[in-house]
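Visitor: next one to model:
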Amino acid sequence: EGQFVESGGGTVQPGGSLTLSCVASGFAFSTHDMTWVRQAPGLGPEWVAAINIDGSSTSYADSVKGRFTISRDNTRKTVTLQMNSLKPEDTALYYCARNVGTYYSGPFYRSEYDVFGQGTQVTVSS
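Guide: A predicted model of the protein is given here:
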């Protein structure tokens, strides 16, 4: 069925950087598009970034475009989110999600995903 383990979260000052990793197991990772999603306290899930099966196509939410970079290593079954120039509004629980089909760029729809990680907390604060 598949599962993910995320890591790399933490507390950083505004303007800082973090790199999140999501390691997959239990399924054919290279055959699935992948997405990073975040959820801030009191808010619903927010789609952040997505990548296709071989990494040749990516997409970003406007709120993170130019600051975040999604990538993947199929040999290591890992999807990574490099986050630069972090802002307080980036504070959230970040988790990776397996797309049911081709990734969808835009609002979060639960039906687009069938496996989620447990998440890693990112806090941006001075």
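Visitor: now the most centrally placed residue in the chain: which helix or strand?
Guide: In the chain, the C-alpha closest to the average C-alpha coordinate belongs to Trp36, at a distance of 2.0 Å (C-alpha atoms, centre = their mean). Here Trp36, judged by DSSP states H and E, is contained in strand 34-39.
Visitor: all the strands of the protein, residue numbers only.
Guide: 3-7, 10-12, 18-25, 34-39, 46-51, 58-60, 68-73, 78-83, 92-99, 113-116, 120-124 (DSSP state E).
Visitor: now the first one against strand 34-39, angle please.
Guide: What separates the directions of strand 3-7 and strand 34-39 is an angle of 60 degrees, with axes from the mean of the first three to the mean of the last three C-alpha atoms, to 10 degrees.
Visitor: same question, the fifth one
Guide: Relative orientation of strand 46-51 and strand 34-39, computed by the same axes, to 10 degrees: 160 degrees.
Visitor: which outside residues touch strand 46-51?
Guide: Identification of contacts with strand 46-51 by C-beta atoms under 8 Å, 6 or more residues apart in numbering yields 33-40, 57-61, 63-64, 68, 70-72, 79, 81, 92, 94, 99, 103-108. Bear in mind the C-beta positions are built from the backbone N, C-alpha and C, glycine included.
Visitor: for Ala28, grab the count of nearby residues.
Guide: Neighbourhood size, Ala28 [other C-beta atoms under 10 Å]: 11.
Visitor: actually Gly16, sorry about that
Guide: For Gly16, using other C-beta under 10 Å, the count is 15.
Visitor: looks like it contacts Leu86 (just checking).
Guide: Yes. Using C-beta atoms under 8 Å, Gly16 is in contact with Leu86, at 5.3 Å.
Visitor: what touches both of the two?
Guide: Val124.
Visitor: next one: the residue nearest to the centre of the chain from Ser126, what distance?
Guide: 24 Å (C-beta to C-beta, to the nearest Å).
Visitor: same thing with Arg76?
Guide: 34 Å.
Visitor: cool, Gly2 as well?
Guide: Where Ser126 is concerned, Gly2 sits at a distance of 38 Å (C-beta to C-beta).
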